[in-house]
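**Student:** Let me see the structure of the following:
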Amino acid sequence: MSLAQKVSGIKDGLLDLIFPHYCVGCGREGVLICPACEAALPRIEPPWCSKCGLPRSGPCVCGTSRGRIWALDGLRVPFVFEETIREAIHGLKYKNLRSIAAPLAQHLADLLLDEPFAFDLLVPVPLHSRRLRERGYNQAEIIARHLGRLVQVPVATDRLRRHRYTAPQARTADVQERRSNVSRAFGCRPGSVTGLKVLLVDDVTTTGATLEACAIELRKAGAVEVWGLAVAREL
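**Tutor:** Okay, here's the model as predicted:
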């Protein structure tokens with residue numbers, strides 16, 4: 001363990017003493033997600049569509065994804081965006097509960113262990129500079145950094161940029177509006193991911209429009225594969 005990791009561990013321990021954790025699901029003191037709430041997390045159970053990651057009952061590619069040209073090689077999401085998971089992500093996103101990112105990243109690492117695929121680089125979905133200033137941090141980046149340590153893969157925050165300010169995807173009406181909202185919102189340094197297999201990381205997705213828009217730019221910049229990974233999905 002490095003000196004920086006030891007210092008970080010001591011700092012986290014002191015913060016836990018001063019500000020004890022409470023379960024985001026039921027309020028129980030001591031942990032961020034208690035065993036009972038952990039067992040009841042709203043999971044998206046396999047089998048999944050090999051492209052969009054939605055549950056399927058038929059072929060490996062669902063009817064929605066079949067015939068569609070995807071920049072993403074696939075999308076994986078372990079949870080439905082409801083109940084305890086919704087509270088956890090809202091805590092991270094709007095209440096500065098950054099410590100919740102660690103258990104969320106652990107669930108992503110577990111998913112990658114169960115459904116392995118190769119990737120060279122983790123890239124969090126970026127925020128526009130205006131929203132980053134308002135919030136003070138990028139929740140996707142915090143999750144990605146925890147995940148990177150768990151899976152021993154580097155995290156890059158300098159390859160992908162959000163250069164167009166857009167309305168939050170949650171406020172858009174339908175799939176077409178979501179795709180239009182993020183169209184040409186991102187850019188990637190030419191050649192910065194040449195020959196790499198990239199895993200995009202986000203907190204929440206619905207249609208995958210944001211991840212797909214990012215994947216298009218990463219492909220233009222030379223990525224040979226682009227996968228998407230999010231903690232939760234609105235169904």
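**Student:** so how far is Asp202 from Ile89?
**Tutor:** Plainly put, Ile89 is 10 Å away from Asp202 if you go by C-beta to C-beta, to the nearest Å. In this view, the C-beta of every residue, glycine as well, is placed from N, C-alpha and C.
**Student:** residues bridging contact with the two, i.e. touching both?
**Tutor:** Val231 (C-beta atoms under 8 Å, 6 or more residues apart in numbering).
**Student:** quick one: secondary structure of the residue nearest to the spatial centre of the chain?
**Tutor:** Closest to where the C-alpha atoms of the chain average out (C-alpha atoms, centre = their mean) is Asp202, at 2.2 Å. What DSSP: H, G, I helix; E, B strand; the rest coil gives for Asp202 is strand.
**Student:** Show the pLDDT at it.
**Tutor:** At Asp202, the model reports a pLDDT of 97.
**Student:** residues in contact with it?
**Tutor:** Here Asp202 is in contact with Pro124, Val125, Ala140, Thr210, Leu211, Gly228, Leu229, Ala230, Val231 (C-beta under 8 Å, 6+ apart).
**Student:** same thing but 7 Å
**Tutor:** For Asp202, the contacting residues are Val125, Ala140, Thr210, Leu211, Ala230, by C-beta atoms under 7 Å, 6 or more residues apart in numbering.
**Student:** Dump those into JSON lines; add secondary structure as well.
**Tutor:** JSON lines is the format used below for those (three-state DSSP):
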{"residue": "Val125", "secondary structure": "coil"}
{"residue": "Ala140", "secondary structure": "helix"}
{"residue": "Thr210", "secondary structure": "helix"}
{"residue": "Leu211", "secondary structure": "helix"}
{"residue": "Ala230", "secondary structure": "strand"}
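**Student:** remind me which residues of the chain are low pLDDT?
**Tutor:** 1-20, 58-59, 167-181 (pLDDT under 70).
**Student:** From Phe81, how far out is the nearest residue to Asn138 once chain neighbours are set aside?
**Tutor:** In space, and not counting its chain neighbours, Asn138 is closest to Leu127: 4.8 Å by C-beta to C-beta, 6 or more residues apart in numbering. Leu127 is 19 Å from Phe81, where distance means C-beta to C-beta.
**Student:** same deal with Pro55?
**Tutor:** 14 Å.
**Student:** Comparing these two, which residue is more hemmed in?
**Tutor:** Using other C-beta atoms under 10 Å, the more surrounded residue of Pro55 and Phe81 is Phe81, with 21 against 12.
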